[in-house]
Every structure is written in C-alpha cells, then in structure tokens.
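In: could you look at this predicted model? Sequence included:
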Amino acid sequence: MVINAEKSNDASRYGLVADPRASIDFFIGLLTCLYALILTIIALIIEVSPIWKTDIWIAETTFFLFMYGFGIAFFFCCYTFVIYPEIYNFVIKWLVRVKVLQNSQKWIIQKTNHNGEGAGTLYLRLGALFFGSAGIVLFGLEMFLCIEDSNCRTSSIAKHVVAILFTFIQMHFIFCNSKVIYKLAKLGMMHLISVNLWTWFRFVLVKTEHKVAKKQASHSFPLSPRSSSEEDDNITIRAQLPLHATSVRYKHCLGAIDQFGDAATFLTTCLVEYSLIGAAVMFIQWKSIGCAIAGHYGEEKVKRKCKMRIDCSSSSTGLFAGIIFLIAAFVSMGMYTIFEELRNSRGAQLVFGIVDLCMFCMTLGACLIGLWRMKALQYRMCAHGEVIDEILLIIGLIGEIVYCVIGMDIFLATRRARIDPSLLPAFVFAFRLIQVVVQAAFILITSRLRCSSPYTVKKKPGKQIITFLLVANATLFVFHTYEGMKSSFGISEYGGTTYTNAIHAVAPLLVFYRFHSSACLAEIWKHTYSTKPHERRHGSVTMSDSNLTLETTDNCSSSR
C-alpha cells in the first residue's frame, strides 16, 4: 500500500495521468491530425496537377464530391445526434413502445450545451455570415453559367450544388452552433479543416491563374501610349478578350470572373476569407473536444446569451474622426476612378500612394496615442475574446508582412533598374509594415485591459482612439477591397512570376486583416470599458483602488 501511494505521489508530482482514456484521446487526436495533413497535401497536389482537370476529370469530380460530401454528412450527424437529437429520441421512444427496444435510457441522447470554445464573438460570426453568403453567390453564378453552357458536364453542376450546400450548412454552424460541446468528433472536424484549406488554396490558385492569363493576353493587344499600368491593359482588352483566352483549367474552375469582372473577383476574395474563418473555427472546435466544463456555468452562459448592453459614452469624437477618415477614403476612390477613365494611370497610382501613406500614418499615430492613453487601465492575464481571434489576427498579420516585404523588394529592384525614381512606394510599404505590426500588438495588449478603478471608469481613457481605429479599419477593409480589384500601388511586373503568385496568394489576407482588426477592436470597445462586474464564475477577483494593481485567483482556462 505504501509503495502504491508513493507511485501515485510520484505520478502526480511529474504530471503523469493514470487514466488510460487520456492516452487514447491523444492517440486518436494524433491520427486525425495525420489524416488531415495527408488529405490536405493530396488535395493541393490535385489542384496543381494539370491532368486532373482534363484527362482524369472523373477522378477529380469524385474527389470533389468526397471532400464536400463527407463534410455535409458530418454536419448532418452533428445536427441529428448532437445539436437537435429530439427526432432521434422520439424514434427511440417509439421503438420502446412497440417493444423493439427494452430500455430507452441506454439509447437516449442528451442535448448538448453551447458553452464550448468557438467563434464566440458576434462580429466574427457576422463576418462568416457575410463572406459565406458571398461565396454562395459565386457558386450560384458558376452553376448558372454551367447550365447555360451546352458543353458543361452534369458532374460540374453536381459539384456546384454540393459546394453551395456545404458552404451554407457550415455558415449556419459557425453562426449558431460553433460553441457546442462535442465528445467524439475529431475526425470530422479535421476533415472540415482540410476542406476549408483546400477551398482556400483552390480559389487562390484560380485567381492567380486568371491574373497571369490576363497579363499574358494583354501583351498581344496594342494599347494606348498613355497607359502604363497592368490594370489599364486589362481594361483595354476586357471587352475584346474571349472566354477561351484564359487557360483551360481556369475555364473549368471560374468562368464567372470573365463574365462579371470585379464583382466575381470580390466574391472570390470573400470565399477565400470565409474558408480561412471556417478552418480556424474547426481547429478550435477540434482542440476543445473532450474539455469538461461545469454544468452550472453552461446554464448561466445560456441565460446570459441573449443579453447585451452597450455603453456608447466617450465615443463621439472618435466616431466623427472615423467618419472624416471614411469620407476621405471614398473621395480618393472616386478620384482614382476619374483618373482611370481619363487613361491617366500615373495619376491614379499617385492617388493610391498618397492616400495609403496618409491613412497608415494616421492609424499608426492613433495606435501609439492609444497605447499611451490606455496605460492607466488594469492588466489581466486573460483576454476578452477567444483564442480564435488571436489566431486569425496573426494569420492576417503574416499576410500583411509578406506583402510589405515583397513590395519593398520590388521597389529596390525598380530603383536598381532605374525604372521609377519615386521614393513614395518605399515610404508607403515601410509605414504600412510598421502600422500593421504596432496595431496587432495594440490589439493583443488592449484585449487584456480592464476599466477597474474609479478613475478609469469615469474617464474611460483611450475609448475615443478605439472608436476611431474601429471605423478606420472598417474603412480600410473597403478601401483594400477596392484597391485589390485595381492595380495595387507599388506592385509592378518587375517582381517576376514568383512574387506575382505570392502577392495574389496573400491578397485576401490583406483584406481579412482589416476586417478582423475591426472585429477585435469592436470586442475591445464593448468589454474593456464595461462597468459590469468582471469576476469569473469559478474564481474570485480582488481589485484595489490603484491604477496599477489587479489581483485575481481565477483560472484562465475556465474563462474560455
């Protein structure tokens, strides 16, 4: 007995777990990770392989239907047996009444709770709703073009149908049920991650091929000597370029982008961002499977689910400053359109460059002032939002950094070749890089601040800055979306094919970074200055009247 007690103490001292179920869960999780890794790699290889679209299109269609079909089947199981088990339980009770089953308690499924970790913020879920709806519109346009084309295969229509079903069901799942607690769903979650990553890569690749095909075709058409940008080339040939001028593989993937132009490009960007959100949500769901949460906490969470109170005080100055920022951005977009119609590409690019530099300088200054103003708030270890917000913010930041570094390298290449003597691109990319890094740090820091002392509750330091940055990032989301449809400032053809592909790959992340930054700032604006009690349900919080100290005994993991 003494030996067993000593072994037990040693196991607890070194963090060992005696329950074999923990090791089994880890092994299952490892297998599902390997499954997702292998499936994702196979999907990416299929997308870059030229023969899968022509020679063995039946196998490609089968793989397409498997990816989306298995995801739809998994969602059906979740809705039938986890989220809404009433129909299943009714059937079980009926089988008991007709003497087919003896004991209903063995088969009855209890309805799950909605207190897990997922896409918890309202703004992220609204974003998933918007981007997912745009993706469904894109698939619908593709299906319409396929129906109108007499050469289109029936299998292509089936592919668009399952893609629409999957996108809609996952969109509903993220918006309504992303916090459902699961016990056994790791394989399905990992499959959904693979599907979203595959969709992301597929449409990024198609978008890149479209740009390259348009660029190659533009060299065969005589252009006006006043036009020097790639976008002007595209405008000149858009009405002349037939559908078959693009690659055969592209034609089978996205015919809508030739027919609907910038609108289809915007829808494609939205679908890429929706896939990114979907992959992140499913990863958080997979990670949280098996985590036990106390029942009374779940009940309380459900009771408070429909309650929301917003304090709009100390926000008017930041709001109207953001409106001025918004007006200036829309005026610049109008100026670009005018220069574009006048075939003055240099003037249009200059407008984008000056406006970009001004907006990045203003938002950078706002972040620095906000950090200085919010130093009076109290810091705590746990953030307001959830892990998924930080993951998506870092992903968007990586895209911004890659874009800025590529832009700086292209600037150096053009300077060495003595093509463009202007220094404006260097300042734009440098200030953009500094701004996105500082803003990401600002969001990660301020998401852990609270208004706790009487002074901060009364003065609400930094709330005006948060309001301005919220409106400014929403404006930059629209501005970058418009800029992405045109010729991006500072990005020329001298970067080569590798840089061109990299820029097209990270372009959706630039728009997503601004959207998600505004979502995070909205969450900070709502919670940081809230006067409601901030103590956790499984811990106690002790606050001093000083602006410097905050002691807490709660567990961060229970707040998720």
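Out: Sure thing, it's come through. Residues are numbered from 1 along each chain as shown.
In: name the helix or strand for Val405, please.
Out: Assigned by DSSP states H and E, Val405 belongs to helix 387-416.
In: buried ones in that helix, by neighbour count?
Out: Neighbour-count burial for helix 387-416 flags 387-393, 395-397, 399-404, 406-408, 410-411, 414 (criterion: 16 or more other CB atoms under 10 Å). Every residue, glycine included, has its C-beta placed from N, CA and C.
In: I'd like to know how many residues surround Ile324.
Out: The number of residues packed near Ile324 is 12, by other CB atoms under 10 Å.
In: off-centre distance for the helix or strand hosting it?
Out: With elements taken from DSSP H and E, the one containing Ile324 is helix 316-341. Mean-position distance between helix 316-341 and its chain equals 25 Å (CA atoms, centre = their mean, to the nearest Å).
In: pop out the phi and psi values for Phe479.
Out: phi -70, psi -40 (degrees, to the nearest 10).
In: one step back: send me the following helix or strand past the helix holding Val405 as PDB with only the CA atoms.
Out: Under the assignment DSSP H and E, the closest C-terminal helix or strand after helix 387-416 is helix 424-446. Extracted in PDB, the C-alpha atoms of helix 424-446 (Å, rounded to 0.1, in the frame of the first residue of the first chain):
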ATOM      1  CA  LEU A 424       6.900  57.100 -52.400                       C
ATOM      2  CA  PRO A 425       6.500  53.300 -52.600                       C
ATOM      3  CA  ALA A 426       9.300  52.900 -50.000                       C
ATOM      4  CA  PHE A 427       7.600  55.200 -47.500                       C
ATOM      5  CA  VAL A 428       4.200  53.500 -48.100                       C
ATOM      6  CA  PHE A 429       5.400  50.000 -47.600                       C
ATOM      7  CA  ALA A 430       7.600  51.000 -44.600                       C
ATOM      8  CA  PHE A 431       4.800  52.800 -42.800                       C
ATOM      9  CA  ARG A 432       2.300  50.100 -43.700                       C
ATOM     10  CA  LEU A 433       4.600  47.400 -42.200                       C
ATOM     11  CA  ILE A 434       5.200  49.400 -39.000                       C
ATOM     12  CA  GLN A 435       1.400  50.200 -38.700                       C
ATOM     13  CA  VAL A 436       0.200  46.600 -39.000                       C
ATOM     14  CA  VAL A 437       2.800  45.300 -36.500                       C
ATOM     15  CA  VAL A 438       2.000  48.100 -34.000                       C
ATOM     16  CA  GLN A 439      -1.700  47.700 -34.500                       C
ATOM     17  CA  ALA A 440      -1.500  43.900 -33.900                       C
ATOM     18  CA  ALA A 441       0.500  44.500 -30.700                       C
ATOM     19  CA  PHE A 442      -2.000  47.200 -29.700                       C
ATOM     20  CA  ILE A 443      -5.000  44.800 -30.100                       C
ATOM     21  CA  LEU A 444      -3.300  41.900 -28.300                       C
ATOM     22  CA  ILE A 445      -2.400  44.200 -25.400                       C
ATOM     23  CA  THR A 446      -5.600  46.100 -25.000                       C
END
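In: counting by contacts, list what helix 424-446 packs against.
Out: In terms of contacts (3 or more CB pairs under 8 Å, 6 or more residues apart in numbering; DSSP states H and E), helix 424-446 is packed against helix 345-373, helix 387-416, helix 463-485, helix 496-527.
In: at 6 Å instead, please
Out: helix 345-373, helix 387-416 (3 or more CB pairs under 6 Å, 6 or more residues apart in numbering; DSSP states H and E).
In: ok, and what's touching that helix?
Out: With CB atoms under 6 Å, 6 or more residues apart in numbering as the test, helix 424-446 has contacts from 353, 356-357, 360-361, 363-364, 367, 371, 374, 393, 397, 400, 404, 407-408, 411, 490, 520, 524.
In: that older thread, now render the helices and strands packed on helix 424-446 as a markdown table, adding distance to Gln102.
Out: A markdown table is the format used below for the helices and strands packed on helix 424-446 (distance: least, CB to CB, whole Å):
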| stretch | distance to Gln102 |
| --- | --- |
| helix 345-373 | 66 |
| helix 387-416 | 44 |
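In: relative to Tyr79, which of those helices is closest?
Out: Checking those against Tyr79 by CB to CB gives helix 387-416 as the closest, at 21.6 Å.
In: centre of the chain to the closest one, how far?
Out: Centre-to-centre, helix 387-416 and its host chain are 16 Å apart (CA atoms, centre = their mean).
In: swap in stretch 279-292?
Out: Distance, stretch centre to chain centre, for stretch 279-292: 16 Å (CA atoms, centre = their mean).
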